[in-house]
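A.B. asks: Prediction below, plus the sequence it came from.
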Amino acid sequence: MKHKYIFVVGGVMSGVGKGITTSSLGTIFEAQGYKVNIAKADPYLNVDAGTMNPTEHGEVFVLGSGLETDQDMGNYERFMNRDLSGEDYMTSGMVYKHVLDKERSLGYKGKCIDADTIRDEILYRYQDAARKKRSDITIIEIGGTVGDYQNVMFIEAARVLKLQHPDDVTFIMVSYMPIPSKLGEMKSKPTQNAIKQLQSYGVQAEFIIARSEVPLDQKRKEKIAFSCNVPMDHVISAPDIDSVYDVPLNFERDKTSELLSRALHLPKRKTDLSKWKRFVQKTKQTKKEVRIAVVGKYFSTGDFVLSDAYVSVIEAIKYSAYEKGAKPVLVWLHAGDFEGSPEKVLTSLKKHFADIDGILVPGGFGETGIEGKLNVIRYARERRIPYFGLCYGMQLLVIEFARNVAGLTHAHTAEIQPKASQKVIDIMEQQKIHLAEGRYGASMRLGSYKCVLKKGSVAARAYQADTVIERHRHRYEVNPDYIAPLTKAGLVFSGTSPDGHLMEIAELPGHDFFLGVQFHPEFLARPLRPHPLFTEFIAASLKRRG
Ligand code: GLN
């Protein structure tokens, strides 16, 4: 079989579900027995997503290889229940850097390089993952919206691929149909314009996924079909829905994959979405609630509150709650609300956590909100509220325990106080060199590392394993000098690197769930495979709820 390519581009505006469309198509084609690869082409000039502030760009998703990518990669992995690799992600920066580095080392053997060189490099990358993985279908999401000048090269390379393989490449535009409240009528003009713009690049979208608040009526379908030069049944209505996990099922109901297969000259295949359906059912049959507070700081952008920075954490909580038959209720709390005088803090803690079953502190960087988070962790420990600390949330658990239980009253992290007298969280030698040389990009401890679990611990019980592999993204670690006093005071390091030097999991025996992990378990939580530690945390939270 010849390899097939589906390009997904966005029309009108961003944030209307290109990523979910791409992921859902991946789910469907995999459920037909194809080997599918999903890739994202991001227009940013950043060489990877690692240096972008989460409030600007949302979560940084880390692949097993350690590549720091866009949150869409997380969606793809979750929907397909499969790890993706470095070849599945590119930014403009990555492409330009490669081309320029190659030019500097005479890699082009004296030839002139220009925009076409960039296009050809993108073209090569589109096909590289398919070649390496011997997959059947590659679905490529082009970031941004048609009409942006930033993503033009990605579209240009896709056009050439279509020219070279006319029967094996197709384009989908995910577009938006606004219903202005003053008019009360669905407007298709912006979509028509977006399609025309795409045509001006020499590309014809063969499918239009029309996102809107309500389903498309026949009249609108006809209008779009005629003006955008696509058959009527290639205009697919995608109204707003409650859960993104319904999308693969809705697409199947509308025979989307059948139509796509026809366009790509693929035979019709049966889709087995039974496992997915079972998961979706679980997301609906939930009567009892579990209330989880997430205490963080990356929530605000201008006047809006965004939880984009924590997508994987949110999803991981949801899967485990569904697994336990509960409806997850997430409460977002600003760490800054728990700072100030002890009386004020106590009043705030009592108020905010009165109806909370479990507390989670996710990963983070820098000083903002640190003391507030430490107050929350102390409260969770003393009031025996289940607490789950991810990465920074684990480092803070260790600091809190060191200060308030182990008598290390000056305990701190070198990240905030490089000169603290009791750096229970410190920087490793290699990291010191990176920082001294100003090398911030892709220089943290990144990607998959093995972790050995301590027999009889909460962690080992949850995982039901002796060793696990988890993904990392951090610079600082528990300082080996303080392991003895911390252990003596009762903290258990229930997961370590195989050589025993790096502390990967800390937990407190006797507490229902007071556990922190140096890694990011949220990156491995999947709808069809909830993460064992999240499930254990949710179980403890449900127990508290009673
Ligand atoms: N700031 C901490 C570190 O770099 C934790 C990072 C994180 O939470 N991802 O070690």
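C.D. replies: Now that the structure is in, tell me what you want to look at. Numbering: from 1, shown residues only.

A.B. asks: helix or strand right after the helix or strand of the chain with the lowest mean pLDDT?
C.D. replies: Ranked by mean pLDDT, DSSP states H and E, the helix or strand of the chain with the weakest confidence is strand 304-305, at a mean of 50. Beyond strand 304-305 on the C-terminal side, the first helix or strand identified by DSSP states H and E is helix 311-323.

A.B. asks: I'd like the distance between the closest residue in space to Leu524 that isn't next to it in sequence and the ligand.
C.D. replies: Spatial nearest neighbour of Leu524, excluding adjacent residues (C-beta to C-beta, 6 or more residues apart in numbering): His531 at 5.9 Å. Heads up, the C-betas are built off the backbone N, CA and C, glycines and all. Distance, His531 to the ligand, by C-beta to the nearest ligand atom, to the nearest Å: 16 Å.

A.B. asks: which residues touch the residue lying closest to Asn229 once chain neighbours are set aside?
C.D. replies: Excluding the flanking residues, the one nearest Asn229 by C-beta to C-beta, 6+ apart is Gln204, at 6.3 Å. For Gln204, the contacting residues are Phe171, Leu198, Asn229, Val230, by C-beta atoms under 8 Å, 6 or more residues apart in numbering.

A.B. asks: next one: Pro180
C.D. replies: Pro180 makes contact with Lys187, according to C-beta under 8 Å, 6+ apart.

A.B. asks: One more: the one 3 residues further on?
C.D. replies: For Leu183, the set of contacting residues under the criterion of C-beta under 8 Å, 6+ apart is empty.

A.B. asks: ok, now Met444?
C.D. replies: Here Met444 is in contact with Gly50, Gln431, His472, Arg473, His474, Arg475 (criterion: C-beta under 8 Å, 6+ apart).

A.B. asks: Looking at it now. What's its pLDDT?
C.D. replies: We have a pLDDT of 86 for Met444.

A.B. asks: ok, it to the ligand distance?
C.D. replies: Counting by C-beta to the nearest ligand atom, the gap from Met444 to the ligand is 6 Å.

A.B. asks: interface residues of the chain facing the ligand?
C.D. replies: Gly363, Gly364, Phe365, Cys391, Tyr392, Glu415, Arg473, His474, Arg475, Tyr476 (C-beta under 6 Å from any ligand atom).

A.B. asks: Turn the residues you listed into CSV, including secondary structure, neighbour count and pLDDT.
C.D. replies: Output for the residues of the chain next to the ligand, formatted as CSV (DSSP: H, G, I helix; E, B strand; the rest coil; neighbours: other C-beta atoms under 10 Å; pLDDT from 0 to 100):
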residue, secondary structure, neighbour count, pLDDT
Gly363, coil, 25, 93
Gly364, coil, 24, 91
Phe365, coil, 17, 89
Cys391, coil, 23, 97
Tyr392, helix, 25, 96
Glu415, coil, 19, 94
Arg473, strand, 20, 95
His474, strand, 20, 94
Arg475, coil, 19, 93
Tyr476, strand, 22, 95
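
A.B. asks: and the residues you listed as JSON lines, adding distance to Gln464?
C.D. replies: Listed next are the residues of the chain next to the ligand as JSON lines, based on distance: C-beta to C-beta, whole Å:
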{"residue": "Gly363", "distance to Gln464": "25"}
{"residue": "Gly364", "distance to Gln464": "30"}
{"residue": "Phe365", "distance to Gln464": "33"}
{"residue": "Cys391", "distance to Gln464": "23"}
{"residue": "Tyr392", "distance to Gln464": "27"}
{"residue": "Glu415", "distance to Gln464": "34"}
{"residue": "Arg473", "distance to Gln464": "26"}
{"residue": "His474", "distance to Gln464": "26"}
{"residue": "Arg475", "distance to Gln464": "31"}
{"residue": "Tyr476", "distance to Gln464": "30"}
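
A.B. asks: Which member of those is positioned nearest Asp426?
C.D. replies: Tyr476 (6.5 Å; C-beta to C-beta).

A.B. asks: Please give me every residue in contact with the closest one.
C.D. replies: Taking C-beta under 8 Å, 6+ apart as the test, what Tyr476 contacts is Gln395, Thr413, Ala414, Glu415, Ile425, Asp426, Ile427, Met428, Gln431.

A.B. asks: go on, Phe519?
C.D. replies: Neighbouring residues of Phe519 by C-beta under 8 Å, 6+ apart: Cys391, Tyr449, Cys451, Glu470, Arg471, His472, Glu504.

A.B. asks: Residue ranges in this protein under the pLDDT threshold?
C.D. replies: 298-307 (pLDDT under 70).

A.B. asks: Which secondary structure element is home to the closest residue in space to Glu87 that isn't next to it in sequence?
C.D. replies: Nearest in space to Glu87, with sequence neighbours left out and distances taken as C-beta to C-beta, 6+ apart, is Ala129 at 3.9 Å. Using DSSP H and E, Ala129 sits in helix 115-133.

A.B. asks: Tell me if I'm right that Ala326 and Ile538 touch.
C.D. replies: Yes - between Ala326 and Ile538 there is a contact under C-beta atoms under 8 Å: 6.9 Å.

A.B. asks: more neighbours, the two?
C.D. replies: Neighbours per residue, other C-beta atoms under 10 Å: of Ala326 and Ile538, the larger number sits with Ile538, 29 against 22.
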